[in-house]
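Colleague: Make a model of this:
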Amino acid sequence: MKITIVGTGYVGLVTGTTLAELGNEVYCVDVDQEKVRLMTEGTVPIYEPNLEEMFLRNIQAQRLFFTTDLQMALKQSEVVFLALPTPPGEDGSADLTYVLGVAEQIGSLMDSYKIVVNKSTVPVGTADKVRSVIAGKTNIEFDVVSNPEFLREGFAVEDSMNPARIVVGCGSERARSIMSEIYRPFTNTGIPIIFMDEKSSELTKYAANSFLAVKITFMNEIANYCEMVGADVDMVRLGMGSDDRIGHRFLFPGIGYGGSCFPKDVKALIESGHQSGFDFQILKATEKVNKVQKTILVDEIEKFLGTLQGKKIAVWGLAFKANTDDIREASSLDNIRMLLDRGASVTAYDLVAESNVRKILGDQISYAPSMYEAIENADALLIATEWPEFKNPNFGIMAQRLKNKAIFDGRNMFSLDLARQHGFYYNSIGRTTVGG
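Modeller: Model prediction:
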């Protein structure tokens, strides 16, 4: 099948590459000419494990193409996926400018039946808006489908090639049949495809991400209470996760959630509820708690050092999570800004996300080429991202390079026994402070 993907951001590129891997001829459209040129030449514009290999393989197999020409791509395809940004507006609502703008172009350019598939995360009722915009530009028959993505950054290739489920909001039998054909390689292996109405499909994505944000935040609250009463959050987490109604995933405490999805989707669902006269009280509380949680260790660092004025703090990790270069809503940035505001200097290490942070912070902080160079003469170390290379460091080197053998771990990377064995002051989330 011939398919067009409009938008080559994180979702669009992974979706397009996956559909090409399944044997389809895929045309990825973007307005950025330089980006299109680089992708055509084999350069992957985002960092995502295992994506480059699949990307190059499908370019070489002539199943994956890149263009700025939407009209040409539409002529080639019956199915058009919209993978466009929906950034939060000032009130937190999802901005549909890009989605509706492209819908208008499609309506003006289409010359035969098309299925327009919303892959972007969009509020309830967006399919109706897209349908109305296209209908205002053409008399040609078309269908609009909601097909939200459920990709985890850092695991997007795995999730795209082995999805837990496929959700399709669709009111047309013709469109349902074609969407079933696109996803047949998955359903043939037992992966379920769940058909529903468009509004339910749109809400499913927001509901899923918001629930996970609530789960993370609840666990962070439990972790903070554990510290107050002397309980160990790791033990509580294991006990809770063993209940199959709860499960072990998303129960790891830390310095809050970030990224491109959870913060944006929670805000958007709150605002969607507000516009409909509904008050999402749990989500409002989740936002409030998460904001405080992200910088909870800064006060602990200041308390340990006595003051942050003139102190050097090393930060390991800048991405909002491991295995991505995404720094949107990253806790590292909140911590760095607060440390700077309180008079500290910061040296950070994250080879993958460094270039993105440089675009925002520039020379406000220093950047180290290695984890050990970052801690040279630092008064304390703050761990903000759970990169695998931080899991088993050389504590001997750390002791030599740090002014104080002090680690403030926002991701609970080490066991308490290990920190104790090496004589470090170790302050983590929801556990006893070692050396305190």
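
Colleague: Now do the strands in the stretch 1-150 of the chain.
Modeller: Per DSSP state E, counting those that start in this stretch, the stretch 1-150 of the chain carries strands over the ranges 2-6, 25-29, 64-67, 79-82, 114-118, 142-146.

Colleague: on contacts alone, who are the packing partners of the third one?
Modeller: Counting contacts by 3 or more CB pairs under 8 Å, 6 or more residues apart in numbering; DSSP states H and E, the secondary-structure elements packed against strand 64-67 are helix 10-21, strand 25-29, helix 33-40. Any C-beta I mention is one placed from the backbone N, CA and C, and that applies to glycine too.

Colleague: Quick one: work out the angle between the biggest helix by length in the chain and strand 114-118.
Modeller: Taking DSSP state H as the criterion, the chain has its longest helix at helix 198-229. Using axes from the mean of the first three to the mean of the last three CA atoms, to 10 degrees, the direction of helix 198-229 lies 20 degrees away from that of strand 114-118.

Colleague: Averaged pLDDT, helix 198-229. What do you get?
Modeller: Helix 198-229 shows a mean pLDDT of 97.

Colleague: Then stretch 424-432?
Modeller: Stretch 424-432 shows a mean pLDDT of 97.

Colleague: Just checking the distance from that stretch to the centre of its chain.
Modeller: Its chain's average C-alpha position is 27 Å from that of stretch 424-432, according to CA atoms, centre = their mean, to the nearest Å.

Colleague: Show me the contact partners of that stretch.
Modeller: By CB atoms under 8 Å, 6 or more residues apart in numbering, the list of residues contacting stretch 424-432 from outside reads 220, 222-224, 226-227, 230, 232-234, 236, 253-255, 296-297, 300, 304, 395, 398-399, 404-412, 414, 416, 419-420, 433-436.

Colleague: What is the end-to-end distance of it?
Modeller: Chord length of stretch 424-432, first to last residue, is 13 Å (CA to CA, to the nearest Å).

Colleague: Go through it and flag the buried ones.
Modeller: 424, 425, 426, 427, 428, 429, 430, 431 (16 or more other CB atoms under 10 Å).

Colleague: What residues of the next helix or strand after the longest helix of the chain count as buried?
Modeller: Reading on from helix 198-229 to the C-terminus, the next helix or strand found by DSSP states H and E is helix 233-241. Buried residues in helix 233-241, counted by 16+ other CB under 10 Å: 233, 234, 236, 237, 240, 241.

Colleague: for helix 233-241, what is the average pLDDT?
Modeller: pLDDT averaged over helix 233-241 gives 97.

Colleague: now stretch 2-12
Modeller: Stretch 2-12 comes out at a mean pLDDT of 96.

Colleague: Quick check: end-to-end length of it?
Modeller: End-to-end distance of stretch 2-12 (CA to CA): 15 Å.

Colleague: in that stretch, what counts as buried?
Modeller: Buried-residue list, stretch 2-12, by 16+ other CB under 10 Å: 3, 4, 5, 6, 7, 8, 9, 10, 11, 12.

Colleague: Kindly report the same for stretch 243-256.
Modeller: 250, 251, 252, 253, 254, 255, 256.

Colleague: likewise stretch 48-58?
Modeller: By 16+ other CB under 10 Å, the buried positions in stretch 48-58 come out as 48, 51, 52, 54, 55, 58.

Colleague: Make sure residue 383 is actually in contact with residue 408.
Modeller: Yes. Counting by CB atoms under 8 Å, residue 383 does reach residue 408; the two are 7.2 Å apart.

Colleague: hang on, the earlier thing: which member of the buried residues of helix 233-241 is positioned nearest residue 287?
Modeller: Nearest to residue 287 among those: residue 233, at 21.7 Å, using CB to CB.

Colleague: Go ahead and confirm that closest one touches residue 222.
Modeller: Yes. Assessed by CB under 8 Å, residue 233 is found in contact with residue 222 at 6.4 Å.

Colleague: who touches both of the two?
Modeller: Common contacts of residue 233 and residue 222, defined by CB under 8 Å, 6+ apart, comprise 253, 430.

Colleague: now the residue of the chain positioned farthest from its centre: how far from residue 157?
Modeller: Among the C-alpha atoms of the chain, the one most distant from their mean position (CA atoms, centre = their mean) is that of residue 139, at 38.4 Å. In this view, residue 139 and residue 157 are 41 Å apart by CB to CB, to the nearest Å.

Colleague: And residue 427, by the same measure?
Modeller: Residue 427 is 36 Å from residue 157, by CB to CB.

Colleague: again with residue 340
Modeller: From residue 340 over to residue 157 (counting by CB to CB), the distance is 36 Å.

Colleague: helix/strand/coil for residue 251?
Modeller: coil (DSSP: H, G, I helix; E, B strand; the rest coil).

Colleague: One more: residue 268?
Modeller: Residue 268 ends up helix, using three-state DSSP.

Colleague: Could you pull up the contacting residues of it?
Modeller: Per CB under 8 Å, 6+ apart, neighbours of residue 268: 86, 88, 92, 93, 94, 121, 123, 206.
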